[in-house]
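[1] missing the sequence, but the structure's below:
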């Protein structure tokens with residue numbers, strides 16, 4: 001069934017790039033779906049790619065939550081429950097419109113602010129969100145992140161920028177990302193089961209990508225454990241810049 005979807009050379013292509021995406025996910029806690037979407041769709045039908053990333057996203061975020069520890073995960077859930085709720089609702093809603101809304105418009109609209117804000121922070125300027133504005137930020141950023149998640153399986157960049165603005169410590173940030181992405185990935189799975197993107201045929205491609213995603217994450221964990229808070233923040237911002245530029249490229253090229 002897998003070979004009915006893609007020839008062997010494209011399966012190897014998908015395996016290698018998914019392993020790379022898993023490495024980045026393991027090292028900094030996010031960006032796996034963004035890397036997979038922006039690279040695999042060069043040669044593979046973007047809708048098949050969206051179907052393919054669903055199960056690796058669920059698996060990788062479950063592993064990330066487990067590795068961070070259930071105590072940290074529960075604390076993250078309590079602190080960010082409003083944001084998580086908004087993201088999950090928007091993912092399910094937006095997934096239903098994947099076949100009718102031009103995703104390239106959404107890519108470009110998000111890519112520009114992600115890239116610009118990340119560059120500004122990398123050169124030394126930092127922005128923050130005060131406790132009084134947390135409720136509004138949960139709603140606004142959650143809508144943007146969840147909307148992009150439903151359309152393209154990518155809700156990491158807005159979430160990471162939000163956590164950086166809150167000056168979240170490395171260990172807590174990884175736990176929060178795991179919870180947000182984990183519950184969001186379940187919503188993505190439900191949304192695309194309903195939309196028909198993930199079905200009895202495309203699920204085989206998603207199952208195939210579980211192996212390179214797990215392998216890449218294992219290697220990435222070993223690299224990420226060696227980063228202190230400052231290096232972790234810089235590495236995260238660099239990944240965000242690359243992610244933002246990729247979003248802009250996809251918005252321009254389609």
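    Thanks, I have the structure now. All of these numbers come straight from a predicted model, not from anything done at the bench. Residues are numbered from 1 along each chain as shown.
[2] Need the three-state assignment for residue 197.
    coil (DSSP: H, G, I helix; E, B strand; the rest coil).
[3] Now residue 165: closest residue in space, sequence neighbours ignored.
    residue 129 (4.7 Å; CB to CB, 6 or more residues apart in numbering). For glycine as for every other residue, the C-beta is placed from the backbone atoms N, C-alpha and C.
[4] contacting residues for that neighbour?
    Residues counted as contacts of residue 129 (CB atoms under 8 Å, 6 or more residues apart in numbering) are 137, 162, 165, 166.
[5] Next one: residue 21 relative to residue 198, how far apart?
    18 Å (CB to CB, to the nearest Å).
[6] which one of the two has more residues nearby?
    residue 21 (29 against 24; other CB atoms under 10 Å).
[7] Following the chain past the helix or strand of the chain with the lowest mean pLDDT, name the next helix or strand.
    Scoring the helices and strands of the chain by mean pLDDT, DSSP states H and E places helix 103-122 at the bottom, with a mean of 71. Counting by DSSP states H and E, the next helix or strand C-terminal to helix 103-122 is helix 134-152.
[8] So which residues make contact with that next one?
    Contacts for helix 134-152 (CB under 8 Å, 6+ apart): 33, 37, 50, 80, 82-98, 101, 103, 106-107, 110, 129, 154-155, 158-159, 161-162, 165, 184, 187-188, 191.
[9] Going along the chain, name the helices of the stretch 151-254 of the chain.
    Ranges of helices in the stretch 151-254 of the chain, per DSSP state H, counting those that start in this stretch, are 156-165, 170-195, 203-208, 210-224, 229-253.
[10] Out of these, the one nearest residue 26 is which?
    helix 210-224 (2.2 Å; CB to CB).
[11] Now do that closest one against helix 229-253: the angle between them, please.
    140 degrees (axes from the mean of the first three to the mean of the last three CA atoms, to 10 degrees).
[12] Of the contacts of residue 129, which is the most crowded?
    residue 162 (23 neighbours).
[13] Identify the residues contacting that one.
    Contacts of residue 162 (CB under 8 Å, 6+ apart): 83, 129, 137, 141, 145.
[14] which two in those are spaced the farthest apart?
    Of all pairs in those, the most separated under CB to CB is 129 and 145 at 14.4 Å.
[15] ok, how many other residues are close to the residue nearest to residue 116 when sequence neighbours are not counted?
    The shortest distance from residue 116 to any non-neighbouring residue, by CB to CB, 6+ apart, is to residue 244 (7.6 Å). Residue 244 is flanked by 24 other residues according to other CB under 10 Å.
[16] distance of residue 244 from residue 180?
    Residue 244 is 19 Å from residue 180, by CB to CB.
[17] Ok, residue 69 next?
    16 Å.
[18] Specify which residue of the two has the higher count of neighbours.
    residue 180 (29 against 14).
[19] contacting residues around the closest residue to residue 186 other than its chain neighbours?
    Nearest residue to residue 186, sequence neighbours excluded (CB to CB, 6+ apart): residue 58, at 6.5 Å. By CB under 8 Å, 6+ apart, residue 58 lies in contact with 182, 185, 186, 188, 189.
[20] so where does residue 58 fall, helix or strand?
    When elements are defined using DSSP H and E, residue 58 is found to belong to helix 46-68.
[21] Return the mean pLDDT over that helix, rounded to an integer.
    In this model, helix 46-68 has a mean pLDDT of 86.
[22] That helix: which residues count as buried?
    Residues of helix 46-68 classed as buried by neighbour count (16 or more other CB atoms under 10 Å): 46-61, 63-65, 68.
[23] What is the subsequent helix or strand relative to that helix?
    Downstream of helix 46-68 (by DSSP H and E), the next one is helix 70-79.
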